[in-house]
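Student: everything below, folded, please.
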Amino acid sequence: MTFKKSLWTSYGVMTVFVLLWVAVYEEVLARGMLLGRARVLALAPWQAVLVSALLFGLGHLPALQLAGAELGAPLVLRTVGLNMLASILFASAFVRHNLETAMLTHAGFHLGVAAAVLIL
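Tutor: Numbering: from 1, shown residues only. Predicted coordinates for the structure are as follows:
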């Protein structure tokens, strides 16, 4: 618990900034570019969402490797699957509203996870 608190007090503002910036960057890439391109390729909207969600999920695997995780099948399936679910949520915000709404949804998700990590 001490490590989490000292990490937060030392890097709290920077952590929040990074979480928000990553959400904006990932949404521009995943929804603005990937989903937009998949829709141009004449995929049905749900197919475009699934393709972009799969790529979004796979795109999180290098971060696990950089963190030193052993990429076994259970970890890969969990990471890709959970990120695909989150991606479908963010894509829904994009399709129903706009890119900014997807960015806010994604940023809120990041902040919620960060708060949960601090509390737990």
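
Student: where do the helices of this structure begin and end?
Tutor: Assignment of helices within the chain using DSSP state H yields the ranges 2-27, 36-40, 45-58, 61-66, 73-96, 99-119.

Student: how about CSV for the ones you listed, with mean neighbour count added?
Tutor: For the C-beta atoms, the positions are set from N, CA and C on the backbone; glycine is no exception. CSV is the format used below for those (neighbours: other Cβ atoms under 10 Å):
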stretch, mean neighbour count
helix 2-27, 13
helix 36-40, 15
helix 45-58, 18
helix 61-66, 11
helix 73-96, 17
helix 99-119, 16
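
Student: format those helices as JSON lines; extra columns: mean pLDDT.
Tutor: As requested, the helices of the chain are exported to JSON lines (pLDDT from 0 to 100):
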{"stretch": "helix 2-27", "mean pLDDT": "72"}
{"stretch": "helix 36-40", "mean pLDDT": "83"}
{"stretch": "helix 45-58", "mean pLDDT": "91"}
{"stretch": "helix 61-66", "mean pLDDT": "88"}
{"stretch": "helix 73-96", "mean pLDDT": "94"}
{"stretch": "helix 99-119", "mean pLDDT": "89"}
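
Student: quick one: contacts for residue 69?
Tutor: For residue 69, the contact set (Cβ atoms under 8 Å, 6 or more residues apart in numbering) comprises residue 75.

Student: look up phi and psi at it.
Tutor: Main-chain torsions, residue 69, degrees, to the nearest 10: phi -80, psi 140.

Student: just the pLDDT for it.
Tutor: Confidence at residue 69, expressed as pLDDT, is 85.
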